[in-house]
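# Kindly generate the corresponding structure for this input.
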Amino acid sequence: MKRQRYDVVIVGGGAAGLSGALALARARRSVLVIDAGEPRNAPASHVHNYLGRESTPPGELLAIGRSEAAGYGAEIIAGRVASAERLPDAEAQGFRVVTEDGRSVEARRLLVTTGLVDELPPVPGLAERWGREVLHCPYCHGHEVADRPIGVLATGPLAVHQALMWRQWSDDVTLFLHTVPALSAEEHEELAARGVAVVDGEVAGLEIADDRFTGVRLASGRVVPREALVVQARFTARSAVLESLGLKPVAQEMGGTVIGTYVPTDPTGATEVPGVWAAGNVTRLTEQVIGAAAAGLMAAGAVNGDLIAEDTRLAVAARRA
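Residues are numbered from 1 along each chain as shown. Got it, this is the predicted structure:
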């Protein structure tokens, strides 16, 4: 760290954090990005639906972003933030940020872009193939497995919705009921009408041959050949830094089912704690990479506007003194 106090410290160096850093550095703010180096999309081979950067490898996109932000003066360091606290200065807002290795730095404003963790169902083999043949988002990975045999692992009430959605990308979709209750007659009819097969029985694991996923193994020993498997991960916000400031994650529901936790913000990313913003998956669980980058830009504009208001207030007070 080149200084002890920055206009803005950004916690997290993914798409949202780097987008915010770029905008704030261009606004001539002193910016420090502290990045733990654990991007959610690291297992994926490419980023999709990012206009102008379609099919860019995730690591390459981050390297480009870091270079662009640093080119305007943003400082980017490796580290994991343990906590943040408000400074006792009544005249101007400020925070102290402490890393796990004991380093500390002050900031006038905070932008937290720590993302989320995908918590996978407890089926052996899923984690090892996550982001390769084990998938969850059709808009992220559907085109890459189009027209191939796809399985959908049922883990909750959204399973039928998932199967019908993935049917858009392949006419060979099988729904594995695993441990969910029996489907309704209406659900069976919808699946049958779209040609989605239904397999009863608990899933025990994945079949792998030559480092390639080849099928789903049931507890009965039966193996159903598949080339991709869709699962519903639980999206858990990386909220520890925000929680250290008194903010609490809340449950997010979809179709009456809890799909994860997030930290609420207003449309600009402002949290309930004055001076603290959040952007990206920590506050919007279903945001894709391009949306996270847009959210980082939105938050950066709001942060800069807030700093301008404070700069003006302090300047007026100094002029009157």
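# isn't residue 149 right next to residue 229, touching?
No. Counting by C-beta atoms under 8 Å, residue 149 stays clear of residue 229, with 9.9 Å between them. C-beta: built from backbone N, CA, C; applies to glycine.
# more crowded one of these two?
residue 229 (26 against 18; other C-beta atoms under 10 Å).
# Excluding covalently adjacent residues, which one is nearest to the more buried one?
residue 151 (4.5 Å; C-beta to C-beta, 6 or more residues apart in numbering).
# and that neighbour, how many neighbours?
Quick note: residue 151 (other C-beta under 10 Å) scores 28 neighbours.
# So it versus residue 227, what's the distance?
9 Å (C-beta to C-beta, to the nearest Å).
# Contacts only, for the closest residue to residue 270 other than its chain neighbours.
Distances taken as C-beta to C-beta, 6+ apart place residue 277 nearest to residue 270, at 5.5 Å, with adjacent residues excluded. Counting by C-beta atoms under 8 Å, 6 or more residues apart in numbering, residue 277 makes contact with 109, 110, 111, 112, 265, 268, 269, 270, 271, 299, 302, 303.
# Please narrow those residues to those residing in helices.
Judged by DSSP state H, the subset of the contacts of residue 277 located in helices is 299, 302, 303.
# Identify the residue nearest the second one in space, chain neighbours excluded?
Going back to what we said before, that points to residue 302. residue 268 (3.8 Å).
# where do the strands sit along the stretch 201-321 of the chain?
Taking DSSP state E, counting those that start in this stretch to define them, one finds strands in the stretch 201-321 of the chain at 203-208, 213-218, 223-225, 228-230, 234-237, 250-254, 257-262, 276-278.
# Ranking the ones you listed by mean neighbour count, which comes first?
For the strands of the stretch 201-321 of the chain, the largest average neighbour count (mean count of other C-beta atoms under 10 Å) is found in strand 276-278, namely a mean of 28.
# I'd like the average pLDDT over it.
Confidence over strand 276-278, taken as the mean pLDDT, stands at 98.
# same check, this time on stretch 10-29
Stretch 10-29 comes out at a mean pLDDT of 98.
# next one: stretch 63-83
pLDDT averaged over stretch 63-83 gives 98.
# now swap in stretch 227-236 and tell me
On average, stretch 227-236 scores 97.
# Give me the contacts around that stretch.
116-121, 123, 126, 129, 133-136, 138, 141, 145, 148-153, 155-156, 158-159, 162, 166, 206, 213-214, 216, 252, 259-262, 281, 285-286.
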